[in-house]
Structures are given as C-alpha cells and as structure tokens.
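Asker: Would you be able to build a 3D model of this:
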Amino acid sequence: MEYIILITISILIIIVLTLVIEIKIKNIKEIGENKKLNEIVKKFPNNIDVCKEILKKLGNDTTKVKETIDKNAKSSLYIIATDSIIIANIKDSFTRIQTIAHECIHSIQNKKIVWFNFVFTNIFLIYYITTIVLTIMGIYTNYLLQISILLLLSSVQFMIRSFIENEAMIKAKYVAKEYMESNNLEKQEIIDEIINEYDKLNDLGIKLVNLKLFVSNLFKIIIYMAIALIKTV
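Answerer: Next up is the predicted model:
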C-alpha cells in the first residue's frame, strides 16, 4: 500500500510542477525559428571559429573543438573527460552563438564541480541499474531503504547538475553579446534585438532544463517503486 501512495504522490508532484511552471515547447521552438535573425547571424563566422574565438576571450586555450558528424544532432556538449566541445548541427539558427557560448562556459567552470558531476552522474546511473537488477533477482528486499538511497543520490545529482547548467545558461547571453559586439558585423540595435530574443529563450529554457532534470530523476524512482510494488504483490 505504501508504494501505491508514494507512486501516486510522485506522479501528482510531476503533474503539479508541470502545470505551475507551464512551459510550452512550441514557444521555445517558435523563438528559435526567427527567420530574420537566422539570416543575420549567418554573417558571423562558422561554428568552429566562433567557438575558438569565444574560448580565447575566456582565456581557455586548451579545450578542443569539433563539430558532430551526425547531421541530425541538435545538442552541443562539453565533455570534461576529453576536455572537448562537440558542436551540433546548429549553423542555421541565430541561437548558435549563445549555444556555443554556453558550452565554452562549461569548459571554464570549476573543474572540481564539473568532474564531480561527471563522476557522480555515472555512479548514480550504475547504482540505479544495479539496484533494479538485484531487486528483480530478489537479492535486495529492503525496498524502502533503496528508495531512500535513490532519493538522496538523485537530490545530489540534481543539485550539482542544475547549478552547472543554470550558471552556463545565465552567463552565455553576456558572453554571446560581447562576442557579437567585438566582431562589428552588425549594428548595435540588431545585436540588442538578438539578445532580447535570447532573454525570452532563457526565461523558458532555464525553467525547462530544471524541470526536466527533476522529473527525469523522480521518474527513475517511480520506476523502482513500481518494481517494488510488483515484488510485494
């Protein structure tokens, strides 16, 4: 009975948060598909050169930069294990300057925190999969203990990851603005218009990222609780 109550409460939390935060993915897509600004930002150098120049401005001359070979990839990322930035296929979007700036900021964030996020996230994933397997096999029978451990681990993972992402998203706009102004390829009013759209995008994006991180971790625990429920039937 307790697992049904926990699952119900968890699902209600997800529903309530989704309704309260009220993020519409289509609104984010609409902002990112500004044809006028997309054409304007095409004047700026290619993604690799933009990334290298921003890294230089940030005092980073060690991080490697490359574009993904997957033409369908839309997510850029910084990989601390190889100290490299992989840029997705975003050449046709005006948001590319801020996206690249975001990954560049990751590369200069506190290395202890970034490494901790990388290591802890993998440990959490391994522990989660192991816990599910051992529970299904009947080796773990104290389900409430495992739920408590997963809640603690997911809370730490959420806190660290959200801090890293929030810092990068907040700072990226200013780094992108400084980069565009230093290139003198567009009038200040055009750059201000682009930054204004970045503001709108970030307002929705920061909420969405935090919600997705939280829901993703809670959903993992819901799956485990469902397994625990089945095992006790």
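Asker: rest of the way, CA atoms for contacts and neighbours
Answerer: Noted.
Asker: what's across from residue 84 in the sheet?
Answerer: Residue 84 has these beta-bridge partners by DSSP bridges: residue 64, residue 79.
Asker: in the helix or strand hosting residue 106, what's buried?
Answerer: If you go by DSSP states H and E, residue 106 is part of helix 96-108. Residues of helix 96-108 classed as buried by neighbour count (16 or more other CA atoms under 10 Å): 96, 97, 98, 99, 100, 101, 102, 103, 104, 105, 106, 107.
Asker: Equivalent analysis for stretch 3-12, please.
Answerer: 3, 7, 10.
Asker: would TSV of those residues with secondary structure and distance to residue 22 be doable?
Answerer: Listed next are those as TSV, based on DSSP: H, G, I helix; E, B strand; the rest coil; distance: CA to CA, whole Å:
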residue	secondary structure	distance to residue 22
3	helix	28
7	helix	22
10	helix	18
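Asker: Tabulate those residues (CSV), appending pLDDT.
Answerer: What follows is the buried residues of stretch 3-12, written out as CSV (pLDDT from 0 to 100):
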residue, pLDDT
3, 90
7, 93
10, 95
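Asker: could I get these as TSV with distance to residue 190?
Answerer: TSV is the format used below for the buried residues of stretch 3-12 (distance: CA to CA, whole Å):
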residue	distance to residue 190
3	55
7	50
10	45
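Asker: Show me which of those is closest to residue 177.
Answerer: Residue 177 lies nearest to residue 10 out of those, by CA to CA, at 40.5 Å.
Asker: so the closest one makes contact with residue 222?
Answerer: Yes - counting by CA atoms under 8 Å, residue 222 is a contact partner of residue 10 at 7.1 Å.
Asker: circling back: JSON lines for the buried residues of helix 96-108, including distance to residue 46?
Answerer: Output for those, formatted as JSON lines (distance: CA to CA, whole Å):
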{"residue": "96", "distance to residue 46": "10"}
{"residue": "97", "distance to residue 46": "10"}
{"residue": "98", "distance to residue 46": "13"}
{"residue": "99", "distance to residue 46": "13"}
{"residue": "100", "distance to residue 46": "11"}
{"residue": "101", "distance to residue 46": "13"}
{"residue": "102", "distance to residue 46": "16"}
{"residue": "103", "distance to residue 46": "16"}
{"residue": "104", "distance to residue 46": "15"}
{"residue": "105", "distance to residue 46": "19"}
{"residue": "106", "distance to residue 46": "20"}
{"residue": "107", "distance to residue 46": "20"}
